[in-house]
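Q: give the three-dimensional model of this entry:
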Amino acid sequence: MAPTPEKPTSAAPRRKVSRHRGEGQWAVGHFTPLNGNEQFKKDDDGLNVRTRIETIYSKRGFDSIDPNDLRGRMRWWGLYTQRKPGIDGGKTAILEPEELDDEYFMLRVRVDGGRLTTEQLRVIGEISQEFARGTADITDRQNIQYHWIRVEDVPEIWRRLEAVGLSTTEACGDTPRVILGSPVAGIAEDEIIDGTPALEEIQRRIVGNPEFSNLPRKFKSAISGSPLLDVAHEINDIAFVGVQHPEHGPGFDVWVGGGLSTNPKIGQRLGAWVPLDEVPDVYEGVISIFRDYGYRRLRTRARLKFLLADWGAEKFRQVLEDEYLKRKLVDGPAPDQPVERWRDHVGVHRQQDGRFYVGFAPRVGRVDGATLTKIAEVAAAHGSGRLRTTAEQKMIVLDVEEEQIESLVSGLEALDLKVNPSPFRRGTMACTGIEFCKLAIVETKARGASLIDELERRLPEFDEPLTINLNGCPNACARIQVADIGLKGQLMLDKNGEQVEGYQVHLGGALGLEAGFGRKVRGLKVTAAELPDYVERVLTRFQAEREDGERFAAWAARASEEALS
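A: Here you go, the predicted structure:
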């Protein structure tokens, strides 16, 4: 367990009397676990489960795994049990965990900043083919996820990943998760500041450190100096956004308390400008506040966004400065609004050094091991040893000479990886869905891919930037509330009274330009079978009714319910 934090010298914040037994905050002396998750974390640090996986579970098999390790601590090493095949969405919230568990795992490879070499990608692809039945998804947090992993194979997978500098450490669990970073950090011509040195120092200090391995819940973070605001900073627990200070030059604006799920919050600015070399200190201060003051009684209130909502940004900054940094932060400006509508770096773009980077779009992040291996080969054959994943389920090849671009694009297109995709291929994103996720209610990946095909066929001339995000449950892993068209999976009755898969529709959400959550039209639900018809209908009305240059989100905010139905 992490060392017991010292009690802060300032008075603890006054809590509402109605909150039973406090919120389990360490900083005010509440160390007695108030739920089963807090108990198993107190009993043994999640980082320690690796030894048991290597010496016991991988040798004795799935049935030997302690339940608190199986559904708890193994997450600290990127392992979740996956959904048993054949269980429909209606049973998701009814069955016990052991009834939903398959004897296979999802394994998440953390890719901080989306940074990969061609050698690393080749190894990821080979592991997929040998141990994961070919599965490998690019997530919207720049990671790679495998499925069908046997516990017997995990030590060998770790050995191969770590041999090329990759890790699954704290890829899941109540931990500091992967650090999102601009996929073109240190590369793009228009970059304000390169956050890579700060990202690497945070990794060195924080990841795998027992002082930060028992947090109230997950802790999501992002660093980007790109004017495109390309890491979804508005919905992270902490984010550092590149800005130009009028007196101090380039640095970072600090945002805290963002997050989605069933109680979405847009992050708040602290109003502080931080130079590059101080970013790790501020990160450490914020994650320490979360560890010490974060709510541990109810899992549903254990994210940083709830503490920030109660404290406010002004008090949060004061506690950060007075109790953790022991100094004042410099006031600073907000980031400028991005001039580009797309934030995924898809297409061909010039680098600072005169070479080019080439971004391409798989379908809804779904690739496979054989394809990843071929991507590595194609990238290496065209002079690049570096690739990046993005926070939009896309991938980028770096350092391409101008004369190699055409050949590289042809090689990617042959793999059905589009460098000039339609708005539907480019803007559609999906979570894992019912195929593997124990929380899901409906299918997402295959449905998203088929929706792309249908919309490309039906609306071939549509050329507006548009995001369509599909999620298999209310937890919003695919960011449904901040999409132009967000689709939250649920079961519903069709016109014949039969229970079928469907979606609640959110319309007009956005990040970047004018961040906000989508509008829900009363009673608007769409069956999976009707989904292409519905989206086609709404987009046709948008094209007919929009004002000159009007974005979909702005139109959706003012359109009648009839137009959106």
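
Q: and the closest residue to Trp26 other than its chain neighbours, how far is that from Ser221?
A: In space, and not counting its chain neighbours, Trp26 is closest to Asp292: 5.1 Å by CB to CB, 6 or more residues apart in numbering. Heads up, the C-betas are built off the backbone N, CA and C, glycines and all. Relative to Ser221, Asp292 is positioned 17 Å away (CB to CB, to the nearest Å).

Q: more neighbours, these two?
A: Taking neighbours as other CB atoms under 10 Å, Asp292 and Ser221 compare with Ser221 leading, 25 against 19.

Q: can you tell me the SS state at the more buried one?
A: strand (DSSP: H, G, I helix; E, B strand; the rest coil).

Q: count the neighbours of Asp310 for me.
A: 16.

Q: per-residue confidence for it?
A: For Asp310, the model assigns a pLDDT of 97.

Q: from Leu415, how far out is it?
A: 49 Å.

Q: show me how far the lowest-mean-pLDDT helix or strand in the chain is from its chain's centre.
A: Scoring the helices and strands of the chain by mean pLDDT, DSSP states H and E places helix 97-100 at the bottom, with a mean of 90. Distance of helix 97-100 from the chain centroid (CA atoms, centre = their mean, to the nearest Å) equals 25 Å.

Q: check stretch 212-224 too.
A: 12 Å.

Q: ditto for stretch 388-402
A: Distance, centroid of stretch 388-402 to centroid of chain: 17 Å (CA atoms, centre = their mean).

Q: so which bits of it are buried?
A: Counting neighbours by 16 or more other CB atoms under 10 Å, one finds that the buried residues in stretch 388-402 are 388-400.

Q: what kind of secondary structure is Thr51 in?
A: Thr51 is classified as helix under three-state DSSP.

Q: so which residues of the stretch 101-250 of the chain form helices?
A: 118-131, 154-163, 196-206 (DSSP state H, counting those that start in this stretch).

Q: that older thread, mind checking which of the buried residues of stretch 388-402 are in strands?
A: Of the buried residues of stretch 388-402, the ones assigned to strands by DSSP state E are Arg388, Thr389, Met395, Ile396, Val397, Leu398, Asp399, Val400.

Q: look up how far Gly271 lies from the second one.
A: Noted for Thr389: a distance of 31 Å to Gly271, by CB to CB.

Q: also Ala563?
A: Taken as CB to CB, the span from Ala563 to Gly271 is 39 Å.

Q: now do the same contact list for Ser64.
A: Going by CB atoms under 8 Å, 6 or more residues apart in numbering, Ser64 touches Ile56, Tyr57.

Q: okay, it and Ile53: tell me how far apart.
A: Ser64 is 10 Å from Ile53, by CB to CB.

Q: in the protein, which residue is most central in space?
A: Arg141 (3.3 Å; CA atoms, centre = their mean).

Q: what does that residue show for phi and psi?
A: phi -120, psi 30 (degrees, to the nearest 10).

Q: these two touch, right, it and Leu180?
A: Yes - with contact defined as CB atoms under 8 Å, Arg141 counts as touching Leu180 (6.2 Å).

Q: what do the two both touch?
A: Shared contacts of Arg141 and Leu180 (CB under 8 Å, 6+ apart): Lys220, Ala391.

Q: which stretches of the stretch 401-550 of the chain form helices?
A: Going by DSSP H, counting those that start in this stretch, the stretch 401-550 of the chain shows helices at 405-413, 423-427, 445-458, 531-545.

Q: distance of the closest residue to Thr81 other than its chain neighbours relative to Lys438?
A: Take Thr81 and drop its neighbours on the chain: the residue closest to it by CB to CB, 6+ apart is Asp101, 4.3 Å away. Counting by CB to CB, the separation of Asp101 from Lys438 is 7 Å.

Q: backbone dihedrals for the residue nearest to Arg122 when sequence neighbours are not counted, please?
A: Once flanking residues are discounted, Arg122 sits nearest to Ala376: 4.2 Å by CB to CB, 6+ apart. When quoted as degrees, to the nearest 10, the phi and psi of Ala376 stand at phi -60, psi -40.

Q: repeat that for Ala380.
A: Backbone torsions of Ala380, given as degrees, to the nearest 10, read phi -60, psi -30.

Q: isn't it up against Thr118?
A: Yes - at 4.4 Å, Ala380 counts as touching Thr118 under the criterion of CB under 8 Å.

Q: more neighbours: which of these two?
A: Using other CB under 10 Å as the criterion, Ala380 and Thr118 rank with Thr118 on top: 20 against 17.

Q: isn't that one right up against Ala379?
A: Yes - under the criterion of CB under 8 Å, Thr118 makes contact with Ala379 at 5.2 Å.

Q: identify the contacts common to these two.
A: Shared contacts of Thr118 and Ala379, counting by CB under 8 Å, 6+ apart, come down to Gly385, Leu387.

Q: tell me the contacts of the closest residue to Glu392 other than its chain neighbours?
A: Ranked by CB to CB, 6+ apart and with sequence neighbours excluded, the top spatial neighbour of Glu392 is Asp344, at 3.9 Å. Neighbouring residues of Asp344 by CB under 8 Å, 6+ apart: Asp230, Gly359, Ala361, Thr390, Ala391, Glu392, Lys394, Arg426.

Q: if we can go back for a sec, indicate which one of the helices of the stretch 401-550 of the chain is closest to Ala553.
A: Ranking the helices of the stretch 401-550 of the chain by proximity to Ala553 (CB to CB) places helix 531-545 first, at 10.3 Å.

Q: any low-confidence regions in the stretch 401-550 of the chain?
A: Along the stretch 401-550 of the chain, the model assigns pLDDT under 70 to residues 513.

Q: quick one: the strands in it?
A: Using DSSP state E, counting those that start in this stretch, the strands of the stretch 401-550 of the chain run over 428-430, 468-471, 485-493, 499-507, 525-527.

Q: export those strands to JSON lines and tack on mean neighbour count?
A: Formatted as JSON lines, those follow (neighbours: other CB atoms under 10 Å):
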{"stretch": "strand 428-430", "mean neighbour count": "28"}
{"stretch": "strand 468-471", "mean neighbour count": "28"}
{"stretch": "strand 485-493", "mean neighbour count": "22"}
{"stretch": "strand 499-507", "mean neighbour count": "21"}
{"stretch": "strand 525-527", "mean neighbour count": "18"}
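
Q: possible to save these as TSV with distance to Arg327?
A: Putting the strands of the stretch 401-550 of the chain into TSV (distance: least, CB to CB, whole Å) gives the following:
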stretch	distance to Arg327
strand 428-430	40
strand 468-471	41
strand 485-493	41
strand 499-507	42
strand 525-527	52
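
Q: mind listing what the residue nearest to the centre of the chain touches?
A: By CB under 8 Å, 6+ apart, Arg141 lies in contact with Arg177, Val178, Leu180, Lys220, Ala391.

Q: now rank the residues you listed by neighbours and give me the top one.
A: Of the contacts of Arg141, with other CB under 10 Å as the count, Leu180 tops at 29 neighbours.
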